[in-house]
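S.K.: predicted model and sequence follow; I will ask about them next.
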Amino acid sequence: METLAWILLDTMLVTALLALGWGSLASKDLRRGVVLFIGFGLLLALVWVRLRAPDIALAEAAIGAGLTGALMLSALRDEPGTSSEAAGDASVRSTPVSASLLLTLLSAGLAIVLGAAFICALDRTDPASLAEEVFANLGVSGVSNPVTGVLLNFRAYDTLLELAVLTAAVLGILSLGPARSGYQASGPMLSGLTGWLVPVILVVSGYLLWVGAKAPGGAFQAGALLAAAGVLLRLAGHPSGGLPRELALRGLMVVGVAVFLIIGLTLMLVGRGFLDYPVAWAGSLILAIESAATLGIAATLIVAFLCGDPGQRPENHETADSGVPLAKCENNRRNTPR
Amino acid sequence: MPGKTMNEFLSAALIVSGLAFFIAGGVGLLRLPDVYSRLHALTKADNLGLGLLVFGLLLSTDDAFVAVKLVLIWVLVLASSAASTYLIAQRARRRERGVWKP
């Protein structure tokens, strides 16, 4: 009876997930597509919970649904006429037949490869898996959450490179020029909520960072939550989303990679391997790296939301009604070729 | 143990009545004619539906930490739904799009 209920729930989840994914891709109205995509991300987080991967569920809900959704909505902000049918028709018309044929072929190939991998995974009978290896060695990792153990100890090198990729990406965003103009200061309702919610978010983010050592959580989840506070500040009228200017901002951009590298190289200096933590110190070193990475990831995500360098003043500063983008001139410029 | 069963019964009753509010909210979102009445339907699901759900779950947990987390979730959803409902209604009013055009 209980198994049947779970099967029913799983079937409903997967069906709704596929429907939302299709609706998000097929929607002619871009704004509707984005909203469906956010719903898709939230359901996907539930699916990860059902697959007993709560770490990924947290990251999916915070980054996949929350921040990516906010990024897409803010990208739509400057698109003229997104809510009308015209925008959808234009985008459909602009895709040539050859391109859509190529996309179909590529997607079909990908589906075949994934299906084959799935069938191979089902067929595999040997029980020796990486998971057992991880659990056997978890005692020396310095943490008791196996996901954090893998990310920050056994495969710390991968995580260091991931952070380096994020830093490279943020350099690209900063080189786009000044951040887009912000929103007008919000009314009492939103600014009241922000003033109340941002401290709560800071505390919860710190909790997620700390608890990552023994339960689902960690630097990526904590950083995403911290970035959500930045997005909230930005929407409430704080132009830089709570980010500092100039030197402090540059420091925040590199602090994750820098602390990671300093710890790794120091360990080499004292005669151990790169990022080969001594067992007694592993917990503290991992916490130090994760704290720095949290700040770096949060700053990176906020810069992505600002879409540029908050240190520079945007040109053509205009005022408008709250919630309406200040960069009206940009809209007009884009409208003229039509 | 009669106390235990009583507790379980109460918990289930609260959760089921909470779900009724969610169903009503969902139906209201789909069937009501304009932005304001749709918002009105949705807030019932957030406030009462989630509240009853949380209280039902509170009765079935013995862990104080879990209980605090549950109440915190309800309070956070209350605050954010009140603020976002206000913002959506204000926006709709400002644009004079009181009647929803699908």
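M.R.: Arrived safely.

S.K.: which residue does chain B have closest to chain A?
M.R.: residue B:83 (4.1 Å; Cβ to the nearest Cβ). Where C-beta positions appear, they are placed from N, C-alpha and C, glycine not excepted.

S.K.: and residue B:44, how many neighbours?
M.R.: Here the number of neighbours of residue B:44 (other Cβ atoms under 10 Å in any protein chain shown) works out to 14.

S.K.: circling back: so the residue of chain B closest to chain A is in contact with residue A:191, correct?
M.R.: No: between residue B:83 and residue A:191 there is no contact under Cβ atoms under 8 Å: 9.8 Å.

S.K.: the two - which one has more neighbours?
M.R.: Neighbour count, other Cβ under 10 Å: between residue B:83 and residue A:191, residue B:83 has more, with 19 against 16.

S.K.: now that one, nearest residue through space, not along the chain?
M.R.: Counting by Cβ to Cβ, 6 or more residues apart in numbering or on different chains, residue A:193 is the residue found nearest to residue B:83 once chain neighbours are left out, at 4.1 Å.

S.K.: and that neighbour, what is it in contact with?
M.R.: By Cβ atoms under 8 Å, 6 or more residues apart in numbering or on different chains, the residues touching residue A:193 are B:79-80, B:83.

S.K.: possible to save these as CSV with secondary structure?
M.R.: Putting those into CSV (DSSP: H, G, I helix; E, B strand; the rest coil) gives the following:
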residue, secondary structure
B:79, helix
B:80, helix
B:83, helix
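
S.K.: residue A:136: which of these is nearest?
M.R.: residue B:80 (43.5 Å; Cβ to Cβ).

S.K.: that closest one contacts residue A:196, correct?
M.R.: No: contact status for residue B:80 versus residue A:196: not in contact, 10.1 Å apart, counting by Cβ under 8 Å.

S.K.: what helix or strand is the residue of chain A found nearest chain B located in?
M.R.: Closest to chain B within chain A is residue A:193: 4.1 Å, counting by Cβ to the nearest Cβ. Secondary structure from DSSP states H and E places residue A:193 in helix A:188-211.

S.K.: quick check: buried residues in that helix?
M.R.: A:189-191, A:193-194, A:197-198, A:201, A:204-205, A:208-211 (16 or more other Cβ atoms under 10 Å in any protein chain shown).

S.K.: got TSV for the residues you listed, with pLDDT and distance to residue A:11 too?
M.R.: Formatted as TSV, these follow (pLDDT from 0 to 100; distance: Cβ to Cβ, whole Å):
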residue	pLDDT	distance to residue A:11
A:189	83	41
A:190	85	40
A:191	86	44
A:193	88	38
A:194	88	40
A:197	90	36
A:198	92	40
A:201	92	35
A:204	92	33
A:205	93	35
A:208	91	32
A:209	92	36
A:210	92	37
A:211	90	33
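
S.K.: centroid residue for chain A?
M.R.: In chain A, the C-alpha nearest the mean C-alpha coordinate belongs to residue A:63, at 3.1 Å (Cα atoms, centre = their mean).

S.K.: right, and that residue touches residue A:222 too?
M.R.: No: counting by Cβ under 8 Å, residue A:63 sits too far from residue A:222 to count as a contact (11.7 Å).

S.K.: where does chain B dip in pLDDT?
M.R.: Low-confidence segments of chain B, defined by pLDDT under 70: B:1-4, B:96-102.

S.K.: quick one: mean pLDDT over the top helix by length along chain A.
M.R.: In chain A, taking DSSP state H as the definition, the longest helix is helix A:97-123. For helix A:97-123, the mean per-residue pLDDT is 90.

S.K.: ok, residue 60 - contacts?
M.R.: Going with chain A. Applying Cβ under 8 Å, 6+ apart to residue A:60 gives the contacts A:41, A:44-45, A:48.

S.K.: that's the wrong chain, I meant chain B
M.R.: Neighbours of residue B:60 in contact, by Cβ under 8 Å, 6+ apart: B:7-8, B:11.

S.K.: adding secondary structure, write the contacts of residue A:60 out as TSV.
M.R.: Formatted as TSV, the contacts of residue A:60 follow (three-state DSSP):
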residue	secondary structure
A:41	helix
A:44	helix
A:45	helix
A:48	helix
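
S.K.: restrict those to contacts with chain B.
M.R.: Subset of the contacts of residue A:60 in contact with chain B: empty, counting by Cβ under 8 Å from any Cβ of the partner chain.

S.K.: can I get the residues you listed in TSV with pLDDT, distance to residue A:151 and neighbour count?
M.R.: Below are the contacts of residue A:60 laid out as TSV (pLDDT from 0 to 100; distance: Cβ to Cβ, whole Å; neighbours: other Cβ atoms under 10 Å in any protein chain shown):
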residue	pLDDT	distance to residue A:151	neighbour count
A:41	94	21	21
A:44	95	20	20
A:45	95	19	21
A:48	94	16	19
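
S.K.: in chain A, which spans are helices?
M.R.: With DSSP H as the criterion, chain A has helices spanning A:2-26, A:30-50, A:54-59, A:68-77, A:85-93, A:97-123, A:130-137, A:146-149, A:156-174, A:188-211, A:219-235, A:246-269, A:282-306, A:328-335.

S.K.: buried deepest among those, which one?
M.R.: Mean neighbour count, computed with mean count of other Cβ atoms under 10 Å in any protein chain shown, is highest for helix A:219-235 among the helices of chain A, reaching a mean of 25.

S.K.: can that one be said to contact chain B?
M.R.: No: using Cβ under 8 Å from any Cβ, no contact is recorded between helix A:219-235 and chain B, whose separation bottoms out at 9.7 Å.

S.K.: got the angle between that helix and helix A:68-77?
M.R.: Interaxial angle of helix A:219-235 relative to helix A:68-77 (axes from the mean of the first three to the mean of the last three Cα atoms, to 10 degrees): 30 degrees.

S.K.: which elements pack onto helix A:219-235?
M.R.: helix A:54-59, helix A:188-211, helix A:282-306 (3 or more Cβ pairs under 8 Å, 6 or more residues apart in numbering or on different chains; DSSP states H and E).

S.K.: put the alpha carbons of that helix into CSV.
M.R.: C-alpha atoms of helix A:219-235 as CSV (Å, rounded to 0.1, in the frame of the first residue of the first chain):
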residue,chain,number,x,y,z
ALA,A,219,29.4,26.3,0.3
PHE,A,220,27.3,26.2,-2.9
GLN,A,221,24.0,26.2,-1.1
ALA,A,222,25.0,28.8,1.4
GLY,A,223,26.5,31.0,-1.3
ALA,A,224,23.3,30.7,-3.4
LEU,A,225,21.2,31.8,-0.4
LEU,A,226,23.5,34.7,0.3
ALA,A,227,23.2,35.7,-3.4
ALA,A,228,19.4,35.6,-3.0
ALA,A,229,19.8,38.2,-0.3
GLY,A,230,21.7,40.3,-2.8
VAL,A,231,19.0,39.9,-5.4
LEU,A,232,16.4,41.0,-2.9
LEU,A,233,18.4,44.1,-2.0
ARG,A,234,18.9,45.0,-5.6
LEU,A,235,15.1,44.6,-6.3
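
S.K.: that'll do, ta.
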